[in-house]
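> Sequence first, predicted model second:
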Amino acid sequence: ILNSNFLKESLDNKDYNAAAHYLKELLDKCPKASQNTFVRGITLYKNKIARAKSIAEKNTYTDSLMIVYDLRNEYFGGQVDPKYGTPYILDRKAREYLMYKPADRKGIREAFRAAIEAGGDNTDPETVVAYFSNLCDDYRNTDEVMPDEIIAEYDRLTPFFEKNPEAGEYKGQFDAAFGLSGAASCENLEKLFRGKLE
């Protein structure tokens, strides 16, 4: 309880080195004590990333941030409340991954896939669009993604928008990303829709 209070006070006072010490104590000795430990840990590392003086330091803090998300999911992922369980935690982690590790394209795709898998039909539509847009960007800008993968993911994710009609705005962005990807050639579209047409 004392360490938890000290962690909160250190964060309030912007003493991030002291906060890191209390966070480590709490994670080592009683990680299941409170979800607030992890919420504060996330705040701590986001502040440390913002104040990092080198790329290496920023990367170290980013890795620590991802570990805090993983530990939070391990200890509190089973929460029934949609604001606290695994789907929420992995969604937040994917967004932070995209923000802080934009060059790790494979890692971004994996983080978003995990979030969408955990969220299922209740995934935030913005998350689905962010994943698919990044996948399409990777197809255009790298050699890591093939057109078959774009088409397969478009086919797999389209039913999500049919089950969430209120996400119409995001459906438009989703379709636009597919159209602009370059994977939507006549030949590829024929492959995608031939079964349905038959």
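Received it, and whenever you're ready, just let me know what you need.

> How far off centre is stretch 69-86?
14 Å (C-alpha atoms, centre = their mean, to the nearest Å).

> taking the mean pLDDT, what do you get for that stretch?
Averaged across stretch 69-86, pLDDT comes to 89.

> Give me the contacts around it.
Stretch 69-86 is contacted from outside by 27, 31-32, 35, 38-39, 41-42, 88-90, 92-93, 96, 118, 122, using C-beta atoms under 8 Å, 6 or more residues apart in numbering. For glycine as for every other residue, the C-beta is placed from the backbone atoms N, C-alpha and C.

> Report the buried residues of that stretch.
For stretch 69-86, a neighbour-count test (16 or more other C-beta atoms under 10 Å) marks 69, 71, 72, 73, 75, 76, 77, 84, 85, 86 as buried.

> mind checking the backbone torsions on the fifth one?
When quoted as degrees, to the nearest 10, the phi and psi of residue 75 stand at phi -90, psi -30.

> Restricted to helices, list the buried residues of stretch 69-86.
69, 71, 72, 73, 75, 76, 86 (DSSP state H).

> Residue 19 is in contact with residue 4, isn't it?
No - between residue 19 and residue 4 there is no contact under C-beta atoms under 8 Å: 11.3 Å.
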